[in-house]
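*Asks:* Sequence and computational prediction follow.
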2 protein chains.
Amino acid sequence: MAMYVVIPNHRIAPEGEPMTEAAHSADVHPFDDAVALDPVAEGVYSGRTHPAYANMVGPFGGITAAVVVRAVLDDARLLGELLSLTVNYAAPVADGTFELTATPVRTNRSTQHWTVELAQDGTVTTTATVVTGLRRPTWSDTEVAMPEVPAAEAVPVRPMPDFVVWARNYEMRYVEGALPDVDTGAQPDSTTTLWVRERPSRPLDVPALAALCDVFYPRVLRRRGTFVPAGTVSLSTYFHAAADTVRAQGDRPLLATARAGVFGGGYFDQSARLWSAGGELLASSHQLVYFKERALSA
Amino acid sequence: MAMYVVIPNHRIAPEGEPMTEAAHSADVHPFDDAVALDPVAEGVYSGRTHPAYANMVGPFGGITAAVVVRAVLDDARLLGELLSLTVNYAAPVADGTFELTATPVRTNRSTQHWTVELAQDGTVTTTATVVTGLRRPTWSDTEVAMPEVPAAEAVPVRPMPDFVVWARNYEMRYVEGALPDVDTGAQPDSTTTLWVRERPSRPLDVPALAALCDVFYPRVLRRRGTFVPAGTVSLSTYFHAAADTVRAQGDRPLLATARAGVFGGGYFDQSARLWSAGGELLASSHQLVYFKERALSA
């Protein structure tokens, strides 16, 4: 699972305070390092977890999603562009190497269906399905409205606590619903909206967009105003924009917004949208999240 | 794909006009007939398409989702209840028999991850992933609001055109956004909200709920006010209510509401919620849908 665990009684770093730069080579952005795969056979790759994307238990769920996307998009058998992605976090990925298998189980005239599995020592940690396909000129319209927010430059950077290692890779400017501090208290609405881009900045691509869809801290923290263990069980993202449109964003921040629907029985759902600065809906993403009511001991 | 094709210039049957009853045996509801599976080996079943759930190209996508759910819930290896389901409609299921394989790839203490595949003559038609798990008493809250609507009894039954065979199995009472007629014209909002239950009536269960999540006609028809081919590419549903709560609904209608987010490049997304008459959010469901702009020749 893409576990987020936030220790109680932490203090957010003051706004504008510099964070530790994630370790990375001078030439390769840590994101590209983290999604790099070594080919073993057709559709079979060896990858490894990257310390810059570590979470409390296993890596950031977004980086695992990005690895799945990277494997499919780099496959010589690929038809079209990424349309939809489901990732199921069956078990934490342990630090170290993993094997990824991507299989195009069905290729139609305009769509292609993939199954992907990550395993360590023969044990499955992650299952995924991917649909790719051709985009064709059709009638188009964005029915849902982009939130009306101040420009990114007008919103201060507010980092997550430094021990949330993966979050150091993202520059986050919260418009509403920042990670609760000890004084925030329970909130009636779980909505979080932020401007976000990679840190250090990096031109957007489709794998990075897949990762950004999981950039929200768990909604239950905001509703409860306290810190509870939570982790994504299943994540599904629909990619609305052509890869060219995604690349055209460059390193401008995206507007990311997420809200929960219902909490109960140890699970909640979250729906998110990621918009370009220019108002294009790039992706819609949904997830089911496990949460544990018991508070961590202080 | 779960193809919906609606012929132009059709006329909706007048409200209250009786529809042809779907063919079914006197003892078994057609839904139960349609999701019945014959065991072949552990996790391997033989099933068959049911004429009562036919669509223009292949069966109703909802019935395929229900077959996947039925296989997992009946498996002796099952842990817990249905939590999430993703079904990818890789190809139409041809009329006749299919083979279903359900594999519990990972069993944790509280969750279990499944992969499911439907095939015909060795060719994959459908891939799916399922997460099941234990529900535990935790803090609970429904953050999203149920639409305020008249009671089901106050809303007239409005059937789909009779040639949409699968729709004969559902009693539909549209509160807003009924299937456009030739005179409806383009609409600025794709929302459809209806009271719906099985026809003939049948006590609700989890497989039936999975099918009901796909009961909406394609949103693009409403926006365009005309009839275009469209079919679900990928469907993901989160099940929020315990199986006991689902069964406690009996045969009362559910309130089902769906809306699109963005249309373009030949695809659109849809998000839906299904509520009990008593105001419990039973399921949230999302799908990516292919559509073809070209109008059918009259």
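*Replies:* Nice, thanks for sending it over.
*Asks:* which bits of the stretch 1-150 of chain A sit near chain B?
*Replies:* Selection of the stretch 1-150 of chain A residues close to chain B by C-beta under 8 Å from any C-beta of the partner chain yields A:83-84, A:86, A:88, A:90-91, A:105-106, A:108, A:110-111, A:113, A:115, A:117, A:123-125, A:127-129, A:131, A:133-144. (C-beta placed from N, C-alpha, C; glycine too.)
*Asks:* Quick check: A:Arg224 touching B:Trp139?
*Replies:* Yes - using C-beta atoms under 8 Å, A:Arg224 makes contact with B:Trp139 at a distance of 6.7 Å.
*Asks:* And the two? Which one has more around it.
*Replies:* A:Arg224 (21 against 15; other C-beta atoms under 10 Å in any protein chain shown).
*Asks:* Can you tell me how far the nearest residue to the more buried one once chain neighbours are set aside is from A:Arg219?
*Replies:* Excluding the flanking residues, the one nearest A:Arg224 by C-beta to C-beta, 6 or more residues apart in numbering or on different chains is A:Ala186, at 5.8 Å. Distance of A:Ala186 to A:Arg219, computed by C-beta to C-beta, to the nearest Å: 12 Å.
*Asks:* mind checking the end-to-end distance for stretch A:51-60?
*Replies:* One end of stretch A:51-60 sits 10 Å from the other (C-alpha to C-alpha, to the nearest Å).
*Asks:* for it, what is the average pLDDT?
*Replies:* For stretch A:51-60, mean pLDDT is 94.
*Asks:* center of chain A - which residue?
*Replies:* What sits nearest the mean C-alpha location of chain A, by C-alpha atoms, centre = their mean, is A:Asp214, with 2.6 Å.
*Asks:* ok so, going back, which members of the residues of the stretch 1-150 of chain A next to chain B occur in helices, if any?
*Replies:* Among these, no member falls in helices (DSSP state H).
*Asks:* quick check, A:Arg70 in a helix?
*Replies:* Yes - looking at A:Arg70 with DSSP: H, G, I helix; E, B strand; the rest coil, it is inside a helix.
*Asks:* Any idea how many residues pack against it?
*Replies:* The number of residues packed near A:Arg70 is 24, by other C-beta under 10 Å.
*Asks:* Please list all residues in contact with the closest residue to it other than its chain neighbours.
*Replies:* Residue nearest to A:Arg70 in three dimensions, not counting chain neighbours: A:Val35, with 4.3 Å by C-beta to C-beta, 6+ apart. By C-beta atoms under 8 Å, 6 or more residues apart in numbering or on different chains, the residues touching A:Val35 are A:47, A:63, A:66-67, A:69-70, A:207.
*Asks:* Tell me how far A:Val35 lies from B:Leu255.
*Replies:* The gap separating A:Val35 from B:Leu255 is 42 Å, by C-beta to C-beta.
*Asks:* swap in A:Ala54?
*Replies:* Distance, A:Ala54 to B:Leu255, using C-beta to C-beta: 43 Å.
*Asks:* okay, those two: which has more neighbours?
*Replies:* The neighbour count for A:Ala54 versus B:Leu255, taken as other C-beta under 10 Å, is higher for B:Leu255 (22 against 19).
*Asks:* From the contact counts, what lies against the helix or strand containing that one?
*Replies:* According to DSSP states H and E, B:Leu255 maps onto strand B:254-264. Applying 3 or more C-beta pairs under 8 Å, 6 or more residues apart in numbering or on different chains; DSSP states H and E, we find strand B:254-264 packed against strand A:141-142, strand A:281-291, strand B:192-198, helix B:206-212, helix B:219-224, strand B:267-275.
*Asks:* CA atoms of it as PDB?
*Replies:* Extracted C-alpha coordinates of strand B:254-264, given in PDB (Å, rounded to 0.1, in the frame of the first residue of the first chain):
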ATOM      1  CA  LEU B 254     -31.900   3.100  -5.600                       C
ATOM      2  CA  LEU B 255     -31.200   6.700  -6.500                       C
ATOM      3  CA  ALA B 256     -28.600   6.700  -9.300                       C
ATOM      4  CA  THR B 257     -26.900   9.900 -10.500                       C
ATOM      5  CA  ALA B 258     -24.100  10.400 -13.100                       C
ATOM      6  CA  ARG B 259     -22.300  13.200 -14.800                       C
ATOM      7  CA  ALA B 260     -19.500  13.600 -17.300                       C
ATOM      8  CA  GLY B 261     -16.300  15.600 -16.600                       C
ATOM      9  CA  VAL B 262     -14.700  16.200 -20.000                       C
ATOM     10  CA  PHE B 263     -15.300  15.100 -23.600                       C
ATOM     11  CA  GLY B 264     -12.600  15.100 -26.300                       C
END
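*Asks:* where do the strands sit along chain A?
*Replies:* Ranges of strands within chain A are A:2-4, A:38-41, A:44-48, A:81-89, A:97-107, A:111-120, A:123-133, A:141-142, A:170-176, A:192-198, A:230-239, A:254-264, A:267-275, A:281-291, based on DSSP state E.
*Asks:* Just send those back as CSV, with mean pLDDT too.
*Replies:* Listed next are those as CSV, based on pLDDT from 0 to 100:
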stretch, mean pLDDT
strand A:2-4, 44
strand A:38-41, 98
strand A:44-48, 98
strand A:81-89, 98
strand A:97-107, 98
strand A:111-120, 98
strand A:123-133, 98
strand A:141-142, 98
strand A:170-176, 98
strand A:192-198, 98
strand A:230-239, 98
strand A:254-264, 98
strand A:267-275, 98
strand A:281-291, 98
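*Asks:* got CSV for those, with distance to B:Ala260 too?
*Replies:* Formatted as CSV, these follow (distance: least, C-beta to C-beta, whole Å):
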stretch, distance to B:Ala260
strand A:2-4, 28
strand A:38-41, 39
strand A:44-48, 36
strand A:81-89, 15
strand A:97-107, 25
strand A:111-120, 19
strand A:123-133, 18
strand A:141-142, 9
strand A:170-176, 25
strand A:192-198, 21
strand A:230-239, 11
strand A:254-264, 17
strand A:267-275, 13
strand A:281-291, 10
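*Asks:* out of those strands, which comes closest to B:Phe98?
*Replies:* The closest of these to B:Phe98 is strand A:97-107. By C-beta to C-beta, the value is 13.9 Å.
*Asks:* Just the residues contacting that closest one, thanks.
*Replies:* Contacts for strand A:97-107 (C-beta under 8 Å, 6+ apart): A:37, A:40, A:43-49, A:67-68, A:71-72, A:75, A:77-79, A:112-120, A:125, A:130, B:90-91, B:117, B:123-125, B:127.
*Asks:* Emit the PyMOL select command for whichever of these are buried.
*Replies:* Of these, the buried ones can be selected in PyMOL as follows, counting by 16 or more other C-beta atoms under 10 Å in any protein chain shown:
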select buried, (chain A and resi 37+43+45+47+48+49+67+68+71+72+75+78+79+112+113+114+115+116+117+118+119+120+125+130) or (chain B and resi 90+91+117+124+125+127)
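*Asks:* how close does A:Gly256 sit to A:Arg173?
*Replies:* No Gly there; residue A:256 is Ala. Taking C-beta to C-beta, one finds A:Ala256 at 10 Å from A:Arg173.
*Asks:* So those two - more neighbours on which side?
*Replies:* Higher neighbour count among A:Ala256 and A:Arg173: A:Ala256, with 26 against 23, using other C-beta under 10 Å.
*Asks:* pretty sure that one is in contact with A:Phe216, am I right?
*Replies:* Yes - under the criterion of C-beta under 8 Å, A:Ala256 makes contact with A:Phe216 at 7.0 Å.
*Asks:* for A:Leu212, what are its contacts?
*Replies:* A:62, A:170, A:196, A:254, A:256, A:274.
*Asks:* what about 7 Å?
*Replies:* Applying C-beta atoms under 7 Å, 6 or more residues apart in numbering or on different chains to A:Leu212 gives the contacts A:62, A:196, A:254, A:256, A:274.
*Asks:* for A:Gly80, same thing?
*Replies:* Contacts of A:Gly80 by C-beta under 7 Å, 6+ apart are A:112, A:132-134.
*Asks:* Quick one: these as JSON lines, columns for distance to A:Gly261 too.
*Replies:* Shown next, in JSON lines, are those (distance: C-beta to C-beta, whole Å):
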{"residue": "A:Gln112", "distance to A:Gly261": "31"}
{"residue": "A:Thr132", "distance to A:Gly261": "28"}
{"residue": "A:Gly133", "distance to A:Gly261": "28"}
{"residue": "A:Leu134", "distance to A:Gly261": "32"}
